[in-house]
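1. mind folding the following:
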Amino acid sequence: MASPVRVVLGHGLAPGRATTACERALDVFHDVEAECSRFTPASDLSQVNSAADRWHRVGRYCYLAIEEAWQAYRWTRGRFDPRVLSDLITLGYDQWPPRSVEGEPLGGIGPAALRPARPRWRPRWRPRFVADTRHVHVDGTPVDLGGIGKGIAVRWASGSLGRSDHLVEAGGDCFCSGAAPDGGPWRVGVEDPTGGDEPLAVLALSDRACTTSSVRRRRWLSDGQPVHHLIDPSTGRPGGTGLLSVTVIGTDPAVAEVWSKVLFLFGAAAVDEAAERQALAACWVTDDGVLHVNSRANGYVRWRR
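-> Below you'll find the model as predicted:
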């Protein structure tokens, strides 16, 4: 998943049981990656994308992930659309890391520097599913499960740990169950997308998911132009004008992951209104490096820089 994965357990499990529980949760990530990574030619998703106009029998994780992506497409009315794989490949993101200047200082290659993009017409996505045999047809266009796959993996890994106190985190997406080892809520930092080592804020979370869509890492130059991996499906180009990151707090990591991306694509001018319209607890960082926290998220903030 091109991300570090971390599992932290609270009190209550004997060392042997704790080790077994952590291994079980990490196995979920390995299994999801094996089925859902577009960077692995042998994965189920890669096989689906190699012949997107045909039916495919896939593994359980891949089937559920594609089905969940379709549900997210429907309830966001197409603002989340996994059919951006060809756009990412065109921009150079056909491998990890991208053919890029990964690590280039953010100045000059943030969203504010993106070239303007024109809206494009896209047909409605109509994938088909046969649950009994786990057959899927993605309607002729390759898909990228990307962030939603990571959010789902966090959900499933957390589920494998039952009702124990734990934190499961993968590349900025996490679920905090119960209490931290000190008996209080879990503390989660809001990363500084300009590259600073210190967080911009610290959130206190219990039985909550927290996900972030950011341009801090997955950004590069394509034909000399600054780009990043958060593609606006309405244009096929990177979106999020005026934003560097969006963080969403919710009850489910996959749903929060979808909304962090969708809110990001609204851009700085409309992110606050969009979050309020969807009753989302959200924080965002504008391209001047300033953190903004809406009223629904403010109660989770324990510290701000």
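2. tell me the buried residues in the longest helix along the chain?
-> Taking DSSP state H as the criterion, the chain has its longest helix at helix 15-36. The neighbour-count check on helix 15-36 (16 or more other CB atoms under 10 Å) flags 18, 21-22, 25-26, 28-29, 31-36 as buried. Backbone N, C-alpha and C define where each C-beta goes, glycine included.
3. counting contacts, what elements does that helix pack onto?
-> Applying 3 or more CB pairs under 8 Å, 6 or more residues apart in numbering; DSSP states H and E, we find helix 15-36 packed against strand 5-9, helix 44-50, helix 60-75, helix 146-160, strand 166-170.
4. again, only using 6 Å
-> Counting contacts by 3 or more CB pairs under 6 Å, 6 or more residues apart in numbering; DSSP states H and E, helix 15-36 packs against strand 5-9, helix 60-75, helix 146-160.
5. out of the ones you listed, which gets nearest to Ala275?
-> Closest to Ala275 of the helices and strands packed on helix 15-36 is helix 60-75 (CB to CB; 15.6 Å).
6. so which bits of the closest one are buried?
-> Buried, per 16+ other CB under 10 Å, within helix 60-75: 61-66, 68-70, 72-73.
7. between the two ends of stretch 177-186, how far is it?
-> 8 Å (CA to CA, to the nearest Å).
8. which residues are in contact with that stretch?
-> 10, 165-167, 176, 204-206 (CB atoms under 6 Å, 6 or more residues apart in numbering).
9. chain center to that stretch, what's the gap?
-> For stretch 177-186, the separation from the chain centroid amounts to 24 Å (computed by CA atoms, centre = their mean, to the nearest Å).
10. return the set of buried residues in that stretch.
-> 177-180, 185-186.
11. of the residues you listed, which is the nearest to Thr194?
-> Trp186 (24.7 Å).
12. bridge partners for the closest one, pull those for me.
-> Leu205 (DSSP bridges).
13. state the distance from it to Asp53.
-> The gap separating Trp186 from Asp53 is 45 Å, by CB to CB, to the nearest Å.
14. next, format the helices and strands packed on helix 15-36 as TSV and append distance to Ala269 and mean pLDDT.
-> Output for the helices and strands packed on helix 15-36, formatted as TSV (distance: least, CB to CB, whole Å; pLDDT from 0 to 100):
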stretch	distance to Ala269	mean pLDDT
strand 5-9	35	94
helix 60-75	23	97
helix 146-160	23	93
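15. okay if I get those as JSON lines plus distance to Ala254?
-> What follows is the helices and strands packed on helix 15-36, written out as JSON lines (distance: least, CB to CB, whole Å):
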{"stretch": "strand 5-9", "distance to Ala254": "16"}
{"stretch": "helix 60-75", "distance to Ala254": "6"}
{"stretch": "helix 146-160", "distance to Ala254": "4"}
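16. between the two ends of stretch 32-49, how far is it?
-> Span of stretch 32-49 from end to end, CA to CA: 16 Å.
17. shouldn't His56 be in contact with Ser46?
-> No: assessed by CB atoms under 6 Å, His56 is found out of contact with Ser46, at 10.6 Å.
18. more neighbours: these two, which one.
-> Between His56 and Ser46, His56 has the larger neighbour count (other CB atoms under 10 Å), namely 20 against 17.
19. re earlier: closest to Tyr300 out of the buried residues of helix 60-75?
-> Ala72 (23.4 Å).
20. enumerate every residue touching that closest one.
-> 80, 258.
21. that one and Trp125, how far apart?
-> From Ala72 to Trp125 the distance is 11 Å (CB to CB).
22. and Ala117, by the same measure?
-> Ala117 is 20 Å from Trp125, by CB to CB.
23. who does Thr212 bridge with?
-> For Thr212, the beta-bridge assignment (DSSP bridges) gives partners Thr247.
24. ugh, typo on my part, it should be Trp284
-> Bridge pairing for Trp284 - DSSP bridges - gives Val246, His292.
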